[in-house]
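In: I would like to see how this sequence folds:
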Amino acid sequence: MNLTLKAYIDWIVSKNISVKDVVQHYTNKAQQENTKLNAFVRFHDDYSQTHIDSFADKPLHGAPIGIKDIILTQWYISSCASKMLEDFVSPYSATCFEKLEKNGWLMIGKTNMDEFAMGGSNEHSAFGPCINPHGTKRVSGWSSGGSAAAVAADLCIAALGTDTGWSVREPASFCGIVGLKPTYGRVSRYGVQAMASSLDQVGVMTKTVEDAEILLTSISGYDSKDAQSSPKADSREVISDITKLKIAIPKQAFAEGLDPKVKIRYEETIEKLRNLWYQVDEIDLPLLDNALAIYYTLMPAEVSTNMSRFDGVRFGKQGDMQAYPDIQSYYTAMRSEWFGNEVKRRILLWTFVLSSANYEGYYLKAQKARQQFRRDFSKLFSQYDIILTPTAPGVAWKLGERLADPLQEYLEDLYTVPANIGWLPAMSVPTGYIEDQGEQMPVWMQIMADRWQEPKLFSLGKIIEKLF
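Out: Have a look, this model is predicted:
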């Protein structure tokens with residue numbers, strides 16, 4: 001059984017399959033296979049048993065879904081795959097999770113992730129790395145790697161992740177599934193642990209583009225509890241003629257570092273679209289050269305601010321304060337013991353960006369560059385509907401291969417961070433497999449559109465899906 005969401009709904013409606021049988025199948029399979037993949041950090045059989053009957057009559061009929069451990073779920077642990085929050089039981093649910101429940105999605109468990117969503121390989125979880133179901137001992141991708149691996153291995157029908165610069169699209173690409181980061185403001189961030197608040201967005205991970213469209217509809221919409229939520233979040237544009245979509249190919253997408261085999265598939269995709277009479281133009285997009293510098297100034301600065309609340313007093317693990325000579329010693333002890341290495345690295349290396357000596361020279365300059373970045377993209381999208389690039393420069397690497405050199409992980413984000421900086425929607429679509437070190441590994445393309453233009457992504461994504 002390897003069901004897409006659309007097939008599952010059709011089967012349930014036609015009464016060819018039982019909701020309880022499907023949920024039990026996925027629950028059993030996920031718990032058995034998880035010993036090899038470590039895609040889930042915990043399962044919630046009691047939740048499934050409590051809600052399965054009532055959810056069966058809702059629009060999505062109890063479809064089994066994985067939830068990234070960063071999304072709060074009322075009365076259940078939401079640990080962000082960290083030791084700092086390993087026992088934290090949330091008193092309320094995230095808005096996106098409440099919408100899932102309203103539509104009848106059934107959570108079977110919380111998926112693994114990099115601790116507090118910080119990392120580029122899902123090797124930085126306090127519960128151990130998540131393994132890519134393709135290949136041998138390969139990473140599953142960025143911080144939503146547990147969700148990607150769970151969907152790719154058919155341990156659930158779909159999953160939610162979060163994307164700050166890459167964390168839905170790149171693990172989706174590494175694991176050979178569809179990963180969508182919506183327009184910033186389309187899905188409420190309320191109840192989702194913040195990493196970098198101006199960049200974070202809840203995203204969807206599915207087996208097909210059609211499923212991604214259904215899942216996005218289930219969780220999107222205006223939310224007054226999120227200051228950045230937009231009334232446009234409820235908009236649903238229809239594309240009347242998808243053959244008239246104009247596609248831009250940035251010359252910078254062929255930059256040094258792009259795996260030659262990925263490049264070949266990229267060129268094949270371009271040629272196939274031209275053969276379908278799409279207008280596909282190669283353009284100069286120097287914006288891509290600046291994206292990483294802007295992102296890696298703004299993101300860590302926001303990280304250090306958001307992580308300051310975890311001090312062993314307001315949030316996080318607590319110790320005996322009387323055992324320390326002063327409050328600073330207490331903070332140091334709690335954070336040293338309960339934060340992982342990657343979290344410490346990001347806090348320590350980039351707190352200086354917000355210091356009085358560096359604030360104007362780094363942070364303010366990056367903010368100004370970001371505004372220009374958005375204006376330039378707005379001009380570009382007045383001429384083109386889609387920007388097509390690879391999702392990542394290369395396929396999933398082996399576990400441990402880049403842990404000693406974090407910069408190598410950071411440089412993988414070249415193609416994905418522009419969407420987060422510009423608050424744009426972007427989707428990674430699988431385009432088959434290529435050979436790497438004797439193994440067949442997934443390869444992919446990323447399609448990016450202007451704000452609120454997700455229907456264009458779905459329309460072209462379905463075409464690319466058929467081509468491969």
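In: strands of this structure, start to end?
Out: 40-43, 63-68, 105-111, 158-163, 178-181, 201-206, 246-250, 279-283, 386-389, 426-436, 439-448 (DSSP state E).
In: of the ones you listed, which is nearest D289?
Out: Smallest distance to D289 across these (CB to CB): 10.1 Å, for strand 246-250. C-beta here means a position set from N, CA and C on the backbone, and glycine is covered the same way.
In: tell me the buried residues in the closest one?
Out: Residues of strand 246-250 classed as buried: I247, A248, I249, P250 (neighbour count, 16 or more other CB atoms under 10 Å).
In: also stretch 192-204?
Out: V192, Q193, A194, M195, A196, S198, L199, D200, Q201, V202, G203, V204.
In: endpoints of it, how far apart?
Out: 14 Å (CA to CA, to the nearest Å).
In: what average pLDDT does that stretch get?
Out: The average pLDDT within stretch 192-204 is 95.
In: same question, stretch 306-323
Out: On average, stretch 306-323 scores 90.
In: can you map out the helices along the stretch 351-468 of the chain?
Out: 365-380, 406-410, 417-421, 454-467 (DSSP state H, counting those that start in this stretch).
In: between the first one and strand 279-283, how big is the angle?
Out: Computed by axes from the mean of the first three to the mean of the last three CA atoms, to 10 degrees, the angle separating helix 365-380 from strand 279-283 equals 140 degrees.
In: now for helix 365-380, which elements pack on it?
Out: Here helix 365-380 touches helix 287-307, helix 417-421, going by 3 or more CB pairs under 8 Å, 6 or more residues apart in numbering; DSSP states H and E.
In: so P133 touches I177, yeah?
Out: No: P133 lies out of contact with I177 (CB atoms under 8 Å); the separation is 10.1 Å.
In: tell me what the spatially closest residue to W105 that is not a sequence neighbour is bridged to.
Out: In this structure, W105 finds its nearest non-sequential neighbour in I65, 4.6 Å apart by CB to CB, 6 or more residues apart in numbering. Taking DSSP bridges as the rule, I65 bridges to M107, A158.
In: I65: how many residues sit nearby?
Out: Neighbours of I65 under the rule other CB atoms under 10 Å: 29.
In: spit out the contact partners of it.
Out: L100, W105, L106, M107, I108, C156, I157, A158, A159, L160 (CB atoms under 8 Å, 6 or more residues apart in numbering).
In: go with 6 Å
Out: W105, M107, C156, A158 (CB atoms under 6 Å, 6 or more residues apart in numbering).
In: show the buried residues in these.
Out: Applying 16+ other CB under 10 Å to the contacts of I65 flags W105, M107, C156, A158 as buried.
In: farthest pair in these?
Out: M107 and A158 (11.2 Å).
In: now the buried residues of stretch 192-204 in TSV, with distance to E210?
Out: Formatted as TSV, those follow (distance: CB to CB, whole Å):
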residue	distance to E210
V192	25
Q193	30
A194	31
M195	29
A196	31
S198	31
L199	28
D200	26
Q201	21
V202	19
G203	16
V204	12
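In: list the contacts of stretch 444-453.
Out: 173, 183, 232, 235, 269, 381, 386-389, 391, 415, 419, 424-431, 456-457, 460.
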